[in-house]
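[1] Take this sequence and fold it.
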Amino acid sequence: MKDKKVALIIGSTGQDGAYLTSHLLKLDYKVVATRRRTSMLNTQRLDWILSDLKSEKEKNLSVEYADVTDTLSITKILDKFLPDEVYNLSAQSHVAVSFEQPEYTANVNALGPLRILEAIRMLGLRKKIKFYQASTSELFGNVLSWPQSEETPFNVVSPYAAAKQFAHNLVKIYREAYDIFACSGILFNHESPIRGSNFVTKKIVRGIFEFQKSQTSVQLGNLDAIRDWGHARDYVQMQHLMLQQKQPRDFVIGTGKETTVREFVELVSHRMGLELEWQGRGVKEVGVCSKADNKNLIGKIMVKVDQQYFRPLEVERLLADASLARSKLNWMPETNITQIVDEMVRFEFKKPNFDVI
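    Just a heads-up that it's a prediction; the model follows:
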């Protein structure tokens, strides 16, 4: 008889996967963490997050190969480890990239969860496994009401969101048709020091760090986009809590606090000892350094708006109503936006050559 719960994390090398792996190991789980076969090592996030958990890592962590685009590999790993909980965190996770690679995005984000759910059903594990699907606030798209809760209608405006909506609907179908414990976490934006470098928050932190060294401007898109930014460390705790309930249900995960991209730039600049002044309007707007210890930076353009970073269809405002999570799961985010910025900046100064994409 097993003395530990077994959790299978599909997509463990991403930001959430690394934090969730650490969280479950601390809860004394046996964790099976999957990675795709690549020509280069892609476990930097896991290695960094688990650096203080060496004994737990050695005893209770198994890193295996699996890919949601390959049905056989998913079926084999489920059959081999017979996990109690499965967390699907795998995705092509960048909205802008989904416009450039819509077919690949659909294959991973839509058909990937289908392959997992079908494997659970076909292997006869529907009464054993609890399944978590990482959903997204991008489902709300051009939102019809604020803030957004579990009852807010979806209005997707990207291939990424369309694929995620397919998966979100599948979870509900398999839950009701086959009595699988399956649920989706509708996660609003969540950041951390190990956020991928092509996401706007990491791009801002790294860009302003580089500006101090080379006076190179940060190129950004819509400065007035409003997001609800939380910390990935807080959100993975919620993912685990969702699978501890008696009955499966979907939850919105967010902070209920709004921050614009422009405000995020200002927070990062201030944390690095810089201040900036906004000049111009629209695509000609720039952020000019107005205060710095290094006088050579004053008057230099720190931020530029570049049209290439605008999406074909913009999502202007996302704000979570996570009251259901607070009442049913007793969950509250512990990290505010200022603390997130502080962590990301400190990480950049400490490990400027640590690169994850």
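[2] switch to C-alpha atoms for all contacts and neighbour counts from now on
    Will do.
[3] How many residues are close by residue 76?
    14 (other Cα atoms under 10 Å).
[4] Quickly find the element holding it.
    Under the criterion of DSSP states H and E, residue 76 resides in helix 71-81.
[5] where does whichever helix or strand comes after that helix sit relative to the chain's centre, distance-wise?
    Using DSSP H and E, the helix or strand that follows helix 71-81 in sequence is strand 85-88. Here strand 85-88 is found 15 Å from its chain centre; the criterion is Cα atoms, centre = their mean, to the nearest Å.
[6] now the next helix or strand after strand 85-88: mean pLDDT?
    Remark: after strand 85-88, the chain's next helix or strand is helix 95-100, criterion DSSP H and E. Model confidence over helix 95-100, given as mean pLDDT, is 94.
[7] Sort out which residues of the helix ranked longest in the chain are buried, please.
    Once the chain is assigned using DSSP state H, the helix that runs over the most residues is helix 159-178. Neighbour counts over helix 159-178 (16 or more other Cα atoms under 10 Å) mark 159-168, 170-172, 174-175 as buried.
[8] Report the residue spans of the stretch 51-200 of the chain with pLDDT below the cut-off.
    For the stretch 51-200 of the chain, applying pLDDT under 70 flags no range at all.
[9] rerun that using 80 as the cut-off
    Along the stretch 51-200 of the chain, segments meeting pLDDT under 80 span 52-58, 144.
[10] rewinding a little: need the contact partners of the longest helix of the chain.
    92-95, 98-99, 102, 105-106, 109-111, 113-114, 117, 121, 126, 133, 135-136, 138-139, 141, 156, 180-184 (Cα atoms under 8 Å, 6 or more residues apart in numbering).
[11] So how do I select the buried members of those residues in PyMOL?
    One line in PyMOL is enough to select the buried members of the contacts of helix 159-178, burial here meaning 16+ other Cα under 10 Å:
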select buried, resi 92+93+95+98+99+102+105+106+109+110+111+113+114+117+121+126+133+135+136+138+139+141+156+180+181+182+183+184
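[12] Show me the contacts of helix 159-178 that map onto helices.
    Those of the contacts of helix 159-178 lying in helices (DSSP H): 95, 98-99, 102, 105-106, 109, 111, 113-114, 117, 121.
[13] can you tell me which two in these are farthest apart?
    99 and 121 (32.2 Å; Cα to Cα).
[14] where along the stretch 151-300 of the chain do the helices fall?
    For the stretch 151-300 of the chain, the helices defined by DSSP state H, counting those that start in this stretch cover 159-178, 200-214, 232-242, 261-271.
[15] in the second one, what's buried?
    In terms of neighbour count (16+ other Cα under 10 Å), helix 200-214 has its buried residues at 200-212.
[16] starting at the chain centroid, how far to it?
    20 Å.
[17] Only C-alpha atoms, please: export that helix in PDB.
    Below are the C-alpha coordinates for helix 200-214, written out as PDB (Å, rounded to 0.1, in the frame of the first residue of the first chain):
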ATOM      1  CA  VAL A 200       6.000  41.500 -20.500                       C
ATOM      2  CA  THR A 201       6.800  41.600 -16.800                       C
ATOM      3  CA  LYS A 202      10.100  39.800 -17.200                       C
ATOM      4  CA  LYS A 203      10.800  41.800 -20.300                       C
ATOM      5  CA  ILE A 204      10.300  45.000 -18.400                       C
ATOM      6  CA  VAL A 205      12.500  43.900 -15.400                       C
ATOM      7  CA  ARG A 206      15.300  42.600 -17.700                       C
ATOM      8  CA  GLY A 207      15.000  45.600 -20.000                       C
ATOM      9  CA  ILE A 208      15.300  48.200 -17.400                       C
ATOM     10  CA  PHE A 209      18.200  46.300 -15.800                       C
ATOM     11  CA  GLU A 210      20.000  46.400 -19.200                       C
ATOM     12  CA  PHE A 211      19.100  50.100 -19.700                       C
ATOM     13  CA  GLN A 212      21.200  50.900 -16.700                       C
ATOM     14  CA  LYS A 213      24.200  49.200 -18.300                       C
ATOM     15  CA  SER A 214      23.800  50.000 -22.000                       C
END
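[18] Out of the helices of the stretch 151-300 of the chain, which is closest to residue 329?
    helix 232-242 (6.8 Å).
[19] before we move on, back to that, could I have the longest helix of the chain exported to CSV, CA atoms only?
    C-alpha atoms of helix 159-178 as CSV (Å, rounded to 0.1, in the frame of the first residue of the first chain):
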residue,chain,number,x,y,z
PRO,A,159,-5.9,31.3,-30.9
TYR,A,160,-4.4,30.8,-27.5
ALA,A,161,-7.6,31.5,-25.7
ALA,A,162,-9.7,29.6,-28.2
ALA,A,163,-7.6,26.5,-27.6
LYS,A,164,-7.8,27.0,-23.9
GLN,A,165,-11.6,27.3,-24.1
PHE,A,166,-11.8,24.0,-25.9
ALA,A,167,-9.9,22.4,-23.1
HIS,A,168,-12.0,24.1,-20.5
ASN,A,169,-15.1,22.8,-22.0
LEU,A,170,-13.7,19.3,-22.3
VAL,A,171,-13.0,19.3,-18.6
LYS,A,172,-16.6,20.0,-17.9
ILE,A,173,-17.8,17.4,-20.4
TYR,A,174,-15.6,14.6,-19.0
ARG,A,175,-16.5,15.5,-15.5
GLU,A,176,-20.2,15.2,-16.3
ALA,A,177,-20.2,12.4,-18.8
TYR,A,178,-17.7,10.1,-17.2
